[in-house]
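K.L.:
Build me a model:
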Amino acid sequence: MAKKKKIEGLVDFAILSMKYKTRLTKKFVNRTQYAAPIPNHVLSYIPGTIQEIYVKEGQKVKAGESLLILEAMKMRNQIAMPHDGKIKSINVGTGDKIPKNHLMIEIE
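P.N.:
Here you go, the predicted structure:
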């Protein structure tokens, strides 16, 4: 694992037994920070249009069951339940155009 320590504009890091120095670019400093995925959120992985919704709030759903259809690039993508649970909220409606990483469904 790499360890980093900032010294006078340079960053030290070590990989195995080798030590290196480098300068961080503006692109690296301004990048979007990684956020761990939340297992109870169903996000859109591509932008598209919601065609059909098969579940309702409060409904118990088993893993693998179909939640909704997301149409993108003339393809109908079936979004399936990732694990057993109960639908807490549905944040989309039929015909909604949504961007990538939009929260579609929350699971309890």
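K.L.:
going forward, measure contacts and count neighbours with C-alpha atoms only.
P.N.:
Will do.
K.L.:
any idea which helix or strand of the protein has the worst average confidence?
P.N.:
strand 3-7 (a mean of 50; mean pLDDT, DSSP states H and E).
K.L.:
What's the separation between the closest residue to V55 other than its chain neighbours and N40?
P.N.:
Nearest in space to V55, with sequence neighbours left out and distances taken as CA to CA, 6 or more residues apart in numbering, is L67 at 5.8 Å. In this view, L67 and N40 are 13 Å apart by CA to CA, to the nearest Å.
K.L.:
more neighbours, the two?
P.N.:
Between L67 and N40, counting by other CA atoms under 10 Å, L67 is the more crowded of the two (21 against 17).
K.L.:
list the contacts for the more buried one?
P.N.:
The contact partners of L67, by CA atoms under 8 Å, 6 or more residues apart in numbering, come to 53-55, 78-81.
K.L.:
likewise K21?
P.N.:
Applying CA under 8 Å, 6+ apart, the residues near K21 are 10-13.
K.L.:
Let's verify it: helix, strand, or coil?
P.N.:
strand (DSSP: H, G, I helix; E, B strand; the rest coil).
K.L.:
backbone phi and psi for M73, please?
P.N.:
Main-chain dihedrals, M73, degrees, to the nearest 10: phi 50, psi 40.
K.L.:
That one and I46, how far apart?
P.N.:
For M73, the distance to I46 - CA to CA - is 10 Å.
K.L.:
Neighbour count: those two, which is higher?
P.N.:
I46 (16 against 10).
K.L.:
who touches the more buried one in this structure?
P.N.:
Contacts of I46 (CA under 8 Å, 6+ apart): 72, 99-101.
K.L.:
tally of neighbours for the residue lying closest to N40 once chain neighbours are set aside?
P.N.:
Of all residues not flanking N40 in the chain, I107 sits nearest, at 4.8 Å (CA to CA, 6+ apart). I107 has 22 neighbours, counted by other CA under 10 Å.
K.L.:
Do a quick rundown of the helices in the protein.
P.N.:
Taking DSSP state H, the helices of the chain run over residues 26-29.
K.L.:
What segments of it are strands?
P.N.:
Secondary structure of the chain (DSSP state E): strands at 3-7, 10-15, 18-22, 41-43, 48-53, 60-61, 66-72, 75-80, 85-90, 97-98, 103-107.
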